[in-house]
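# Sequence first, predicted model second:
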Amino acid sequence: MTSGAARLLRGPEEQRATFLDLFFDLVFVFALFRLSQGLLDHLTWSDAFQTLVLLLAVFWVWDQTSGVADRFDNRRPAMQVLFIGCMFGSLVLAAAVPEAFGEHGLVFAGAYVAVQVGRSLFLVIVTRGDKLQRSEMRMLFWYGVSAVPWIAGALMQGWPRGVLWALAVAVDYTVARLGWPMPRLGRAGAAEFSISGEFLAERHRQAFIIALGELILVTGLGLSSNAFEADHSAAVVVAFATTVLLWRIYISRAGEVFGGAVAAAPDPLRLAAPAMYAHVVMVAGVVAISVGDELVIAHPFGHTQPAWVAAILGGPALFLAGRAILEYAVFGRVSRNRVAGVLVLAAISPATIFLPPVLVAAAAALVLAGIAVSDAARARGRPPEPPSPPG
């Protein structure tokens with residue numbers, strides 16, 4: 001290995017997130033807030049689809065930039081320059097979110113492509129002459145491919161933009177799952193992408209906690225803007241309880257031993273992909289819950305509209321679905337209470353349009369509470385279950 005590239009690598013003893021990693025995460029908080037506010041302002045199925053596409057793009061920028069810190073030491077000046085550049089590009093990306101499907105489409109797509117291609121190009125240059133360059137070349141190639149529908153979509157209006165951007169997101173996520181295949185090189189193996197299980201788990205746990213922080217922000221703003229009135233305060237209590245339950249269910253075993261599962265997996269790269277997808281689904285659920293919380297706090301005893309039910313109950317259902325994916329990746333099984341929770345939320349949704357929003361949110365919180373209690377009862381008196389990821 002060249003001495004220059006060697007100095008940029010993260011050492012085996014350096015497996016914790018740095019202050020720069022956490023500094024970069026601040027942009028993610030802003031991005032999630034903009035996404036939830038945009039969906040709140042336009043709560044329709046088409047806007048939900050657009051929000052999902054934007055969320056996938058934002059999360060992929062965060063995930064891939066965080067992955068660089070798993071391979072390289074971002075305490076080095078060159079890596080700090082790279083991270084700060086990615087941070088600014090991500091800030092532009094997040095700022096363009098509200099009008100990404102409007103007049104700021106080119107800004108959003110341009111920022112996305114600039115961060116992904118620019119980061120990969122930088123790493124290709126600094127790893128020149130080393131075998132590590134091959135993995136960076138794979139990423140640069142595929143980000144160049146997905147840049148075409150990103151930019152083409154930005155130059156169009158209406159549904160063609162949504163179709164092209166959905167295609168671009170699908171390319172980005174799919175090629176990662178397939179091991180970044182390239183002509184003549186084939187798929188990347190586990191040896192080509194060195195993955196630290198503990199670092200990967202810590203960063204994804206932090207991403208989920210950041211998402212929960214967005215719920216705290218929304219809840220606190222709702223409380224302070226409604227003069228602590230009794231009905232609004234009751235809605236705040238329900239929203240806060242929901243946030244606590246999401247945290248409790250997330251960490252209940254699978255979230256705690258995620259890192260050990262990656263380390264124990266015969267092919268860590270194969271486990272990392274579904275675990276990442278699981279967190280995308282959970283964060284999408286949190287964004288929907290954030291929208292629901294704002295509606296419930298603003299109109300606790302108002303008329304519940306069908307779209308509100310989709311956010312208030314659909315958010316927890318999405319979270320449980322993502323949590324089930326993570327559990328399967330870690331243990332090779334799914335707890336029945338996760339599936340039961342999704343089914344109960346779906347079953348009660350038609351009747352909840354006759355209830356005030358605060359009671360709909362309370363019903364969702366009760367379902368989550370039942371799952372949390374079930375988890376605690378099952379774990380009581382038993383030795384901790386070791387991770388056993390599917391082969």
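That came through fine. Numbers count the residues shown, from 1 in each chain.
# Measure how far the biggest helix by length in the chain is from the centre of its chain, please.
For the chain, the helix that runs over the most residues, judged by DSSP state H, is helix 268-298. Using Cα atoms, centre = their mean, to the nearest Å, the distance from the centre of helix 268-298 to the centre of the chain it belongs to is 6 Å.
# Now do the closest residue to residue 141 other than its chain neighbours: how many residues are near it, please.
Of all residues beyond its chain neighbours, the one nearest residue 141 is residue 182 (5.9 Å), with distances taken as Cβ to Cβ, 6 or more residues apart in numbering. (Glycine included, C-beta is placed from N, CA and C.) Counted with other Cβ atoms under 10 Å, the burial measure for residue 182 works out to 15 neighbours.
# got it, and residue 218?
24.
# Skip ahead from the longest helix of the chain and say which helix or strand is next.
Counting by DSSP states H and E, the next helix or strand C-terminal to helix 268-298 is helix 306-331.
# May I see the buried residues of the next helix-or-strand element following that following helix?
Using DSSP H and E, the helix or strand that directly follows helix 306-331 along the chain is helix 336-348. With burial defined by 16 or more other Cβ atoms under 10 Å, the residues of helix 336-348 counted as buried are 337, 338, 341, 342, 344, 345, 348.
# ok, what's across the strand from the residue nearest to residue 141?
Counting by DSSP bridges, residue 182 is bridged to residue 186.
# Pull out the buried positions in the longest helix of the chain.
By neighbour count, with 16+ other Cβ under 10 Å as the criterion, the buried positions of helix 268-298 are 268-297.
# Could you do stretch 234-247 as well?
Within stretch 234-247, the residues that qualify as buried are 234, 235, 236, 238, 239, 240, 241, 242, 243, 245, 246, 247, counting by 16+ other Cβ under 10 Å.
# So for it, mean pLDDT?
For stretch 234-247, mean pLDDT is 96.
# and residue 17, how many neighbours does it have?
Residue neighbour count, defined by other Cβ under 10 Å, stands at 18 for residue 17.
# Confirm it sits in a strand?
No. With DSSP: H, G, I helix; E, B strand; the rest coil as the criterion, residue 17 is assigned coil and is not in a strand.
# can you pull the pLDDT of it?
The predicted local distance difference test score for residue 17 is 77.
# got a list of what the residue lying closest to it once chain neighbours are set aside touches?
Excluding the flanking residues, the one nearest residue 17 by Cβ to Cβ, 6+ apart is residue 202, at 5.6 Å. Residue 202 sits next to 16, 17, 259 when contact means Cβ atoms under 8 Å, 6 or more residues apart in numbering.
# Among these, find me the one that's closest to residue 302.
Nearest to residue 302 among those is residue 17, at 41.8 Å by Cβ to Cβ.
# any idea how far that closest one is from residue 205?
The span separating residue 17 from residue 205 equals 10 Å under the rule Cβ to Cβ, to the nearest Å.
# likewise residue 353?
When residue 353 is compared with residue 205 (using Cβ to Cβ), they lie 36 Å apart.
# So those two - more neighbours on which side?
Neighbours were counted for residue 353 and for residue 205 using other Cβ under 10 Å; residue 205 has more, 18 against 13.
# could you give the mean pLDDT of the helix or strand containing the more buried one?
Take DSSP H and E as the rule and residue 205 turns out to sit in helix 197-224. Helix 197-224 carries an average pLDDT of 88.
# following that helix, which helix or strand comes up?
Following helix 197-224 toward the C-terminus (DSSP H and E): helix 230-250.
# Check what pLDDT residue 321 gets.
Residue 321 is assigned a pLDDT of 96 by the prediction.
# How about the contacts made by the nearest residue to it once chain neighbours are set aside?
With Cβ to Cβ, 6+ apart as the criterion, residue 321 has its nearest non-adjacent residue at 5.7 Å, and that residue is residue 281. The neighbours of residue 281, taking Cβ under 8 Å, 6+ apart as the test, are 318, 319, 321, 322, 325.
# Go through these and name the one nearest residue 119.
Residue 119 lies nearest to residue 322 out of those, by Cβ to Cβ, at 26.1 Å.
# residue contacts, the closest one?
The contact partners of residue 322, taken as Cβ under 8 Å, 6+ apart, are 278, 279, 280, 281, 282, 283, 284, 285.
# Check residue 304 too.
Contacts for residue 304 were tallied using Cβ under 8 Å, 6+ apart; they are 352, 353, 354, 355, 356, 357, 360.
# go on, residue 374?
Residues residue 337 are the ones in contact with residue 374 under the rule Cβ under 8 Å, 6+ apart.
# Could you do residue 302 as well?
Residue 302 makes contact with 356, 357, according to Cβ under 8 Å, 6+ apart.
# What backbone torsions are found at it?
Main-chain dihedrals, residue 302, degrees, to the nearest 10: phi -80, psi -170.
# Let's see the pLDDT reported for it.
Predicted confidence (pLDDT) for residue 302: 93.
# ok, now how distant is it from residue 346?
With distances taken as Cβ to Cβ, residue 302 is found 23 Å from residue 346.
# what do you get for residue 389?
Separation of residue 389 from residue 346 (Cβ to Cβ): 29 Å.
# Next: residue 92.
Distance of residue 92 to residue 346, computed by Cβ to Cβ: 38 Å.
# Please state the mean pLDDT value computed over the helix or strand containing residue 67.
Using DSSP H and E, residue 67 falls within helix 45-71. Per-residue pLDDT over helix 45-71 has a mean of 92.
# list the buried ones in that helix?
Taking 16+ other Cβ under 10 Å as the neighbour-count basis, helix 45-71 is seen to contain the buried residues 47-48, 50-71.
# Skip ahead from that helix and say which helix or strand is next.
Sequence order places helix 77-95 as the next helix or strand after helix 45-71, per DSSP H and E.
# Just the buried positions in that following helix, please.
Buried residues in helix 77-95, counting neighbours by 16+ other Cβ under 10 Å, are found at 79, 82, 83, 86, 87, 89, 90, 92, 93, 94, 95.
# Then stretch 209-224?
Residues of stretch 209-224 classed as buried: 210, 211, 212, 213, 214, 215, 218, 219, 222, 223 (neighbour count, 16+ other Cβ under 10 Å).
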